[in-house]
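Undergrad: From the sequence below, what's the structure:
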Amino acid sequence: MVMVKVSAGRLRIVLFCMLLLFFILVPSVLSHAEEASGEALTVGVPLDRCPVFYEDPETGEIVGIGVDLVRTVAEREGYKVTFRFIEEETLKKALDNPAYDVILPFGSAIKSESGKDTVVSNNLIQTPFTLVTDGKRKVPELSKLRVGMLGSLGAGAETVRDLYPGIEIVFYDTMEDAVKALRKDQVDALLHNSYVWSYVLQKPSYSDLEVQPTAMFSMDFKAGTPDTPEGREIIERLNKGIASLTETYRQAVVLDYTTRRLYQKTFPDYLYENKVGLILGGLLFIALILITVFRRRALRLEQEKEMLWLEDHDSLTGALSLTGFRKRVEELLRAHPDIPYLLSYNNIKNFKYVNDSLGMKAGDALLRYWVSRTKQTLSEEEAICRIESDHVAVLRRSGGDERLKADDQEVVDSVRDFFLDLGKENRVQICGGVYVLAPEDYQKIDVDHMLDCARVAEKRVHDTLKDGYEFYNPDQWERGKRVADIVGRLPVALQSGELQVWYQPQVDYSTGEITGLEALSRWNHSTLGWIPPMEFIPELEETGLIYDLDSFVWNRVCEDLKRWKEQGHYRFASVNLSRSDIREDRDIPGYFRDLVRQYDLSPDQFRIEITETAYAKDPELLIRTTEELRALGFRVEMDDFGSGYSSLHMLKEVPVDRIKLDMHFLTETGDADKGQIIVGYMVQMVKSLGMEMIVEGVETKEQAEFLKSHGCTEMQGFYFHKPMSAEDYEKLS
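TA: Have a look, this model is predicted:
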């Protein structure tokens, strides 16, 4: 770039020329103002050519040298001009976009990307192209030169190759990429028009780049468009306007934009300009930090030692804290895998009374004495921990009944009599739970699990009127923990998507058509994984939470039925109604009535299954509920028929529409031939009673053919389809 220093005299001359131009051009501009509001002309220009083309940061308009020249020319010929940045990678591709009436800039006529001929205007202005180097190397001969150019200058590159055969041109997407290539010696110089360099080299980090004084060539600056009758007309009119441009006007426009400080500095630019001060300031800041760190390091090390001790120990009694106990137990079990250990969880049953009646100091003294007395009986391979308040855990060798009796005499009895020995009529009660470590506890050490087990046993003692200790029952713990995980997680599972509604298709074996679906709940527990329905459904029924699950399933089924109905599929689904769902204070028929109305469904789409055993346990309420459901138009099915002891009685008493028979209760045990005879007669009996029958659990073709031979074609089972998600069913159907 050629640096221009303007003296005061020259500045006055420039200002005079600009004033003269103003008075010359204003009448002309005014005379064409009315015409400018005429025909629309969309001009496509590249966006990487500041100050030739760029977006004004204040107004958002496209401005620049080329914009002013083209706008003046077009408006003189009656066009209302709109400028748009071209979205295509090259001007050739932009020529094929009908959104632009003309494209800028071209040096000469070229073919579009698709091969269309083009027509170009007369020259608006000569644009000199110059080389920029990093100032550290000598530029080789032009025939051996490696030049970097922007990819959008493809048309200009063809001119360069024509003028300088042998020159090597490398294209880059951005100017930043081109400058990086120059500094890495991948090219010898960069090529662009000098107007653009006047803007680009204002970037502070490009201050090491130099403009070579001699221009390589000057390229015409023309407007181009596909060679069509409309395109030729536009170019002819633009040429008239170009002919009216004076050289003085052209130079005034160029001078106006090239003398502006258009470059907007970025945050990295400010960092680059102030890098020396920032480095010195950073070094000073680091030095201050280091001084502070070294001064405080000794104090911190001392504090850390104290904190580490407090983290692993209880400050009141000196016993291990829970954190320290976890570490110590793991160390001991790894170091002594051959020692049989037991872990006890203990607390004082009436400790709150001690604090309330004798004071906090008396309670603290009791705890210190308890821990101290216990420590006296422990070896290096054993440990004691105060978990919180009056809760104390001990890991000790398992010494059988004799060791337990000795501990009871040496520690527990003395603690019981602590206040009696001080002349106060307060006897301390200690409750304890004992967990004997199993072989797997040495392989997978989980101290919290051991403590929880011991605490379960301790709680059984604590909940009685006595003190002492009990051993933990592993089977009870595992079942209790899993039940708690299942029951306690239900509200979250219903919201989080862990509980899902799957469907198992029901088919007519004679036609192969799917006649309905049974809705089934599936639970992918966040920690337990997939839980079998046979496990979580009984637990939810026992705790009274099955209604929450069933309500969720009923609503989800209605959502799916409605969606399928809107898609043109009128489908039927069976849902389970648990015995626990039906209560005197709960209007189940009314709930289902409102549910199908809410989702704009027909009651016959929503089939309700009630197990046979449910009718047997509470027949009057269930029969009344069944009658009300059928009166509302719902189809009611008796599920698991034959699993109870009163099946025939239920057929006589219960008004259901369909019987669902499970093949498994006949095929798992007993005589298979007798089972077939029973099934055959059941099918005939149900039909004679005017009811429909469907058989579930069909797993083989032989079973299906047998049922068909006896007149039962409605079937469900793995032989046809396994339960699947709604999405998978939609793919199937």
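
Undergrad: same question for stretch 144-155, mean pLDDT?
TA: The average pLDDT for stretch 144-155 rounds to 82.

Undergrad: Against which helices or strands is the strand or helix carrying Ser198 packed?
TA: Following DSSP states H and E, one finds Ser198 within helix 194-200. Packing partners of helix 194-200 (3 or more C-beta pairs under 8 Å, 6 or more residues apart in numbering; DSSP states H and E): strand 126-133, helix 247-258. Where you see a C-beta, it was placed from the backbone N, CA and C, and this is true even at glycine.

Undergrad: and of those, who's closest to Tyr435?
TA: strand 126-133 (80.5 Å; C-beta to C-beta).

Undergrad: C-alpha coordinates for the closest one, CSV please?
TA: The C-alpha coordinates for strand 126-133 follow below in CSV (Å, rounded to 0.1, in the frame of the first residue of the first chain):
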residue,chain,number,x,y,z
GLN,A,126,-9.6,1.1,-13.5
THR,A,127,-8.7,-0.9,-10.4
PRO,A,128,-4.9,-1.4,-10.0
PHE,A,129,-3.8,-4.8,-8.6
THR,A,130,-0.7,-4.8,-6.5
LEU,A,131,1.4,-7.4,-4.6
VAL,A,132,1.8,-7.5,-0.8
THR,A,133,4.8,-9.2,0.8
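
Undergrad: Can you tell me the strand partners of that strand and which way each runs?
TA: Partners of strand 126-133 in the sheet, by DSSP bridges, are strand 189-193 (antiparallel), strand 210-211 (antiparallel), strand 217-220 (antiparallel).

Undergrad: Name the stretch among those strands that sits most buried.
TA: strand 189-193 (a mean of 23; mean count of other C-beta atoms under 10 Å).

Undergrad: re the thing from before, pull out the buried residues from the helix holding Ser198.
TA: For helix 194-200, burial by neighbour count (16 or more other C-beta atoms under 10 Å) applies to Ser194, Tyr195, Val196, Trp197, Ser198, Tyr199, Val200.

Undergrad: How about stretch 702-719?
TA: Within stretch 702-719, the residues that qualify as buried by neighbour count (16+ other C-beta under 10 Å) are Gln703, Ala704, Phe706, Leu707, His710, Cys712, Thr713, Glu714, Met715, Gln716, Gly717, Tyr719.

Undergrad: Which of those residues fall within helices?
TA: Counting by DSSP state H, the buried residues of stretch 702-719 place Gln703, Ala704, Phe706, Leu707 in helices.

Undergrad: Can you give me every residue that contacts the residue nearest to Pro105 when sequence neighbours are not counted?
TA: With C-beta to C-beta, 6 or more residues apart in numbering as the criterion, Pro105 has its nearest non-adjacent residue at 4.7 Å, and that residue is Phe221. Phe221 is in contact with Gly66, Leu69, Leu104, Pro105, Gly107, Asn123, Leu124, Ile125, Gln126, Thr127, counting by C-beta atoms under 8 Å, 6 or more residues apart in numbering.

Undergrad: Then Phe634?
TA: Counting by C-beta under 8 Å, 6+ apart, Phe634 has contacts Pro589, Phe592, Pro603, Asp604, Phe606, Arg607, Ile608.

Undergrad: Of those residues, which is the nearest to Asp48?
TA: Within the contacts of Phe634, the smallest distance to Asp48 is 64.7 Å, found for Phe606 (C-beta to C-beta).

Undergrad: Next one: that closest one from Glu210, what distance?
TA: 83 Å (C-beta to C-beta, to the nearest Å).

Undergrad: same thing with His569?
TA: For His569 relative to Glu210 (C-beta to C-beta), the value is 75 Å.

Undergrad: can you pull out the strands in the stretch 101-250 of the chain?
TA: 102-106, 118-120, 126-133, 146-150, 168-172, 189-193, 210-211, 217-220, 222-226 (DSSP state E, counting those that start in this stretch).

Undergrad: what's the closest of those to Ala383?
TA: It is, among those and with distance given as C-beta to C-beta, strand 168-172, at 69.2 Å.

Undergrad: mind checking how far the closest one is from the chain centre?
TA: 42 Å (C-alpha atoms, centre = their mean, to the nearest Å).

Undergrad: Ok, stretch 454-471 next?
TA: With C-alpha atoms, centre = their mean as the basis, stretch 454-471 stands 46 Å off its chain's centre.

Undergrad: Flag every buried residue along that stretch.
TA: Ala454, Arg455, Val456, Ala457, Glu458, Arg460, Val461, His462, Asp467, Tyr469, Glu470, Phe471.

Undergrad: Cys431 is in contact with the fifth one, correct?
TA: It stands for Glu458. Yes. Counting by C-beta atoms under 8 Å, Glu458 touches Cys431, with 5.5 Å between them.

Undergrad: which neighbours do the two share?
TA: What both Glu458 and Cys431 touch, as defined by C-beta under 8 Å, 6+ apart, is the set Asn346, Asn347, Tyr469.

Undergrad: Make a markdown table out of these and add distance to Val636.
TA: Listed next are these as a markdown table, based on distance: C-beta to C-beta, whole Å:
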| residue | distance to Val636 |
| --- | --- |
| Asn346 | 57 |
| Asn347 | 55 |
| Tyr469 | 55 |
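
Undergrad: Which ones among those residues map onto strands?
TA: Using DSSP state E, the subset of the shared contacts of Glu458 and Cys431 located in strands is Asn346, Asn347, Tyr469.

Undergrad: contacting residues for the second one?
TA: What that stands for is Asn347. Ser389, Asp390, His391, Val392, Ile430, Cys431, Glu458, His462.

Undergrad: out of these, who's nearest Gln676?
TA: For those, the closest approach to Gln676 (C-beta to C-beta) belongs to Glu458, at 56.7 Å.

Undergrad: which residue sits closest to the closest one in space, ignoring its chain neighbours?
TA: Gly433 (3.1 Å).

Undergrad: what about the one you found, neighbour count?
TA: 26 (other C-beta atoms under 10 Å).

Undergrad: quick one: it is in a strand?
TA: Yes. Counting by DSSP: H, G, I helix; E, B strand; the rest coil, Gly433 falls inside a strand.
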